[in-house]
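Enquirer: make a model of this:
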Amino acid sequence: MGIILFMEGGQSVKEHKGTGLNIYKILVNWSPVLKIMALALIFFLAFASRIFSVIRYESIIHEFDPWFNYRTTQFLAKEGFYKFFNWFDSESWYPLGRVIGGTIYPGIMSTAATLYWICQKLMIPIEIRNVCVFIAPLFAGFTALATYLMTKEITGKSHAGLFAAFFISIVPSYMSRSVAGSYDNEAVSIFALVFTFYLFIKSVNTGSILWSVACSVSYFYMVASWGGYSFIINIIPIYVLGLMLINKFNYRLYTAYSIFYILGTIFAIQIPFVGFLAIKSGEHLLSHGVFLIVQAYALNQYLNRMLPKQSIELLGRIILAVAGLSFFVIFLFLLLTGLSKWSGRSMSLLDPTYASRFIPIIASVSEHQATTWTSYFFDLHFLMVLVPIGFFFCCIGQKENTNYGKIFVALYGVLAIYFSCVMIRLMLVLAPAACVLAAIGASEILQKLTKSIREYITSKGEANTLPDLAIVGTVIISTLCFLFLIHSTWTGAEAYSSPSVIMAAKKPTGGKEIIDDYREAYYWLRQNTPEDAKIMSWWDYGYQITGFSNRTVLVDNNTWNNTHIATVGRAMASREPESYRICKMLDVDYVLVIFGGLSHYSGDDISKFLWMVRIGGGVFPDIVESDYYGQGIYRVDNLATETMKNCLMYKLCYYRFWEVQTGYGQETGYDTVRKAVIGHKNYKLDYFSEAFTSTHWIVRIYKVNKPANREPAIKSLVGDLTAKNAAPTFAQLRTEQQTITLLL
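Expert: Numbering: from 1, shown residues only. The predicted structure is shown next:
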């Protein structure tokens, strides 16, 4: 990148001689080849830095949501699109089930299945699992190329684009959702996001209908891939409206937005999960309103050119006023009548306290929490320093020479920073903006520093002195880029490449121990339970159970039915008899809980239990959170409340745990996560039986007992009747028959 920047200095080289000049000429002549080589290396870096999980563990799908995507991709690759979009999944959300085609974003499944079919046609032997595992690193390389194109279109400088491509290829905030095995929607949607922005900027700069149509097609792929498409359909209208307010509106912008809005909305409607939400949902209202305002503004401009100024001035004001008032009235009407609603996640972005007050199931998800400062430093590293510099260079000089691309990326950066502060998951959306802004800042600084170096090398060397300050500055930035590479590689290898289903720990001898309890338990379910068995667990593990074990679950990670999830939360938070009643009502055969008190695993169900209580209490008032606090705090020791010690979750997790000594010198029943000895020991389970406990006690499975046999009571009653000497009266026979019927 430094060589490319050095070549693009614009310095005249005619009539100069010498070694430095000859090297400069060679580099200029070979610059196109060097750019292609640099992009190829960046693509390889993006791919290679994301496959540590495969090298260290194996080719496996990570986390929770990707298991549903993998399962549906298997179905799509085998059955085709028609059956896929008409698939009713009876193994999810028992007894309700789930219509798959109308409740998913099919982009990543369609992409993986298409790549798989292409490989099969080319006679390339590859499993659908490996396609799913490696699709995220592959699209990370495509994202780097898209970021290069976007930055080059904004700045007109190849070295700025190369910096941006290098940054996005290894930035940890993007790497966290794109390592091998991370088969989630974001694996392909970030590429779609960046490419859509690039095409929109290109269409604004050129006014070309072709580029606008291409932008709409890219937006269609984004809508099919991820619910984050709402960010695009809001930031672009805000950008257009802002340019109108600062009097920078032109017909290239009019063409770009009008075509994007019309075609983009039509394309979005074609996705079954979106449908007419693209017209009536709250997330799309801004795009509709800006489209009306743009048409009114363009009409006003047209009339200004065609009619005398005196007669059009009042008419123009009336047109704009009517357009603005119409949008406001329609917006108010849709909101007050409930025809247009904002989703819970969107409301949480506008009001960070909304989820905790009204939708605890959204607040319970760790990736929906607010971002800490340490996360910014960890995920962006020294880019945090360069982003404000890049923002400064985007803002200066706009009055004399407007750069629409720089205005867009500056707006993108501001909005992305705000949203990333509210929700840590949206650090992913901030990553492209941060990389582009940081690249603009780094390229501007280096261009100024290397200007004197170019002049020194391309001159005769008689009058100029060696630019020490420029060399020092260049070395500092190069060193920071190298440190960023080391930090990102370490982050990708250590922090983001560990599958949730496989964990690693260090033995006392220093060696590595693989903890494979999840798969051990899931395979036990697959091999030892009936095919129609129903499994009750917290919703976090639903996708993995159906993916690994092929068993029916009550709830999963789709979280579309809060009442159903609250019912499971109530069962976990109730005493054993009440929990048993709920299990029988839901036809549950097995209950699965996650327990980390033996293996120091802090992400277990006891740690999540308060969210089960809160979600359950949000629907069932008899579940009160304060009943689970002992002396005002959440605890599991002998000071825990009776409600806590007798709830199903406590009893299933700690059953027989009092027999275990977790450390030398520790009392039996010591919970290594809660740092306390359990307060309820030596109890028996009356309605549940232990069926399986994994090697490290992380996964525990209990069978729901069948009701007690009623035959002895009936036989005893019949025996009493036959033992009587006198024949029973009709009334006695009638009463006893009713009793037997009730027993039966």
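Enquirer: so who does Gly207 touch?
Expert: Tyr251, Arg252, Thr255, Ala256 (CB atoms under 8 Å, 6 or more residues apart in numbering). (Each C-beta comes from the backbone N, C-alpha and C, glycine too.)
Enquirer: the closest residue to the second one other than its chain neighbours and Asn250, how far apart?
Expert: By that I understand Arg252. Excluding the flanking residues, the one nearest Arg252 by CB to CB, 6 or more residues apart in numbering is Gly207, at 3.3 Å. Distance, Gly207 to Asn250, by CB to CB, to the nearest Å: 8 Å.
Enquirer: and the gap between the residue nearest to Arg252 and Phe291?
Expert: 18 Å.
Enquirer: repeat that for Ser488.
Expert: 40 Å.
Enquirer: the two: which has the busier surroundings?
Expert: Neighbours per residue, other CB atoms under 10 Å: of Ser488 and Phe291, the larger number sits with Ser488, 22 against 19.
Enquirer: need the contact partners of stretch 367-379.
Expert: Applying CB under 8 Å, 6+ apart, the set of residues contacting stretch 367-379 is 171-173, 176, 345, 348, 352, 355, 362, 384, 420-425, 427, 431, 491.
Enquirer: same thing but 7 Å
Expert: 172-173, 348, 352, 355, 362, 384, 420-425, 427 (CB atoms under 7 Å, 6 or more residues apart in numbering).
Enquirer: cool, stretch 643-655 as well?
Expert: Against stretch 643-655 from outside (CB under 7 Å, 6+ apart): 571-576, 579, 591, 593, 595, 605-606, 609, 627-628, 630, 678-680, 683, 685, 688, 690, 700, 702.
Enquirer: quick one: buried ones out of these?
Expert: Buried positions within the contacts of stretch 643-655, assessed by neighbour count (16 or more other CB atoms under 10 Å), are 571-574, 576, 579, 591, 593, 595, 605-606, 609, 628, 630, 678-680, 685, 688, 700, 702.
Enquirer: can you tell me which of those end up in helices?
Expert: Ala571, Met572, Ala573, Glu576, Ser579, Asp605, Ile606, Phe609 (DSSP state H).
Enquirer: what sits closest to the fifth one if chain neighbours are left out?
Expert: Which is Ser579. In this structure, Ser579 finds its nearest non-sequential neighbour in Leu648, 4.0 Å apart by CB to CB, 6+ apart.
Enquirer: pretty sure Met690 sits in a helix.
Expert: Careful, residue 690 is Glu; it's not Met. No. The assignment for Glu690 (DSSP: H, G, I helix; E, B strand; the rest coil) gives strand, which keeps it out of a helix.
Enquirer: partners of it in the sheet?
Expert: Beta-bridge pairing for Glu690 (DSSP bridges): Tyr702.
Enquirer: tell me if I'm right that it and Tyr702 touch.
Expert: Yes. Counting by CB atoms under 7 Å, Glu690 touches Tyr702, with 5.8 Å between them.
Enquirer: return the set of buried residues in the helix or strand where Pro432 lies.
Expert: For Pro432, the host element (DSSP states H and E) is helix 427-458. In terms of neighbour count (16+ other CB under 10 Å), helix 427-458 has its buried residues at 427-447, 449-454, 456-458.
Enquirer: do you know how far the residue lying closest to Pro352 once chain neighbours are set aside is from Ser158?
Expert: Once flanking residues are discounted, Pro352 sits nearest to Val422: 5.0 Å by CB to CB, 6+ apart. According to CB to CB, Val422 and Ser158 sit 35 Å apart.
Enquirer: pLDDT below threshold where in the stretch 451-600 of the chain?
Expert: 457-466 (pLDDT under 70).
Enquirer: how about the strands of it, start to end?
Expert: 503-506, 512-515, 534-536, 552-553, 590-594 (DSSP state E, counting those that start in this stretch).
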